[in-house]
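**Student:** When you get a sec, could you give me coordinates for this:
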Amino acid sequence: MRPALIIAMTTLLLPLPGRAMQPLFDSHLHYSEADARVYSPAQIIAILDRYQIQRAVVTGTPAQHALDLYQHAPERILPFLGVYRSSADKGGWTQDTGLPDRVQQALAQGRWRGVGELHIFAQQRHSPVFLRIVDLSSAQGLPLLMHCDPAVIDSLFEHRPDATVIWAHAGAYPYPALLADYLQRYPRLYVDLSVRDERIAPGGVLDGEWEILLMEHAGRFLIGVDTYRTERWEEYGAATALIRGWLTQLPASVALQLARDNAARLFMIDDDAHNR
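**Tutor:** Residues are numbered from 1 along each chain as shown. Modelled structure (predicted):
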């Protein structure tokens, strides 16, 4: 769907003047080199303010951009260590034998709240580079944000059962039955629903199978916008309106878990501070 059409369709979902928006915890944002050329950290925080984003997980390419945003608003931004030095690394990082040492050095700084987003598919799942990064992250209790297919999830947990994983975009095959199966298999697996709004609520109406899935596993889902390209920051209001639109069709207690509470619990954020 074209961005202009999305914006037009979701205008009706935006709150009327004076009506408060439900606060959200966005668990999947990027602030990378291309974004930083257009938006300063102050401008990004202003966008989060405008659309009532209490906290946000942010990764960067290169990683320093996420730290720049974190340093601007440390109470609000949870920086994830992006392992790509540039977008060119996205396709070949699993063969970069020097990467685990760089990741280990970066994690030693102690400012990171997770690692990723890591793009990897079945044929790469036994990569020693990948498995070493899994070990480094898990040893520090840091979640891994994984953009991957089911075979990678299986291999990851076979290698490291104590890992904590956020499965980006509800996985490569975002079918409710498959997700239910994987959530039952792996208690430390969470599912990030970013950019899956049209599957969850086609035409804005919550799908019945997704409703059952979200109700039965309410504690395991996170919401996010995913600013995977700079234009997504321009569309941020429309994207959050879509998310709020289908959240309102769930029971209030379930909607609150998805909107904020699951992420706050995962990242061990104090409830009182989180809800101020």
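**Student:** Show me where the stretch 151-276 of the chain dips below the pLDDT cut-off.
**Tutor:** Along the stretch 151-276 of the chain, the model assigns pLDDT under 70 to residues 271-276.
**Student:** Let me see the ranges of the strands in it.
**Tutor:** With strands called from DSSP state E, counting those that start in this stretch, the stretch 151-276 of the chain shows them at 165-167, 189-192, 221-222.
**Student:** Which one of those strands lies nearest to A73?
**Tutor:** Minimum separation from A73 across the strands of the stretch 151-276 of the chain (Cβ to Cβ) falls at strand 221-222, 19.7 Å. C-beta: built from backbone N, CA, C; applies to glycine.
**Student:** in its sheet, what does the closest one sit against?
**Tutor:** According to DSSP bridges, strand 221-222 forms sheet pairs with strand 189-192 (parallel).
**Student:** Distance from the chain centre to the strand it pairs with, please.
**Tutor:** In terms of Cα atoms, centre = their mean, to the nearest Å, the centre of strand 189-192 is found 9 Å from the chain centre.
**Student:** try stretch 26-40
**Tutor:** 13 Å.
**Student:** Give me the buried positions along that stretch.
**Tutor:** Within stretch 26-40, the residues that count as buried by 16 or more other Cβ atoms under 10 Å are 26-32, 35-36, 39.
**Student:** And for stretch 48-58?
**Tutor:** Using 16+ other Cβ under 10 Å as the test for burial, stretch 48-58 gives 48, 51, 53-58.
**Student:** Out of those, name the ones that lie in helices.
**Tutor:** L48 (DSSP state H).
**Student:** I'd like the buried residues of stretch 26-40 written out as TSV, with distance to Q123, pLDDT and secondary structure added.
**Tutor:** Below are the buried residues of stretch 26-40 laid out as TSV (distance: Cβ to Cβ, whole Å; pLDDT from 0 to 100; DSSP: H, G, I helix; E, B strand; the rest coil):
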residue	distance to Q123	pLDDT	secondary structure
D26	31	98	strand
S27	28	98	strand
H28	25	98	strand
L29	29	98	strand
H30	25	98	strand
Y31	30	98	coil
S32	26	96	coil
D35	30	97	helix
A36	33	97	helix
Y39	36	97	coil
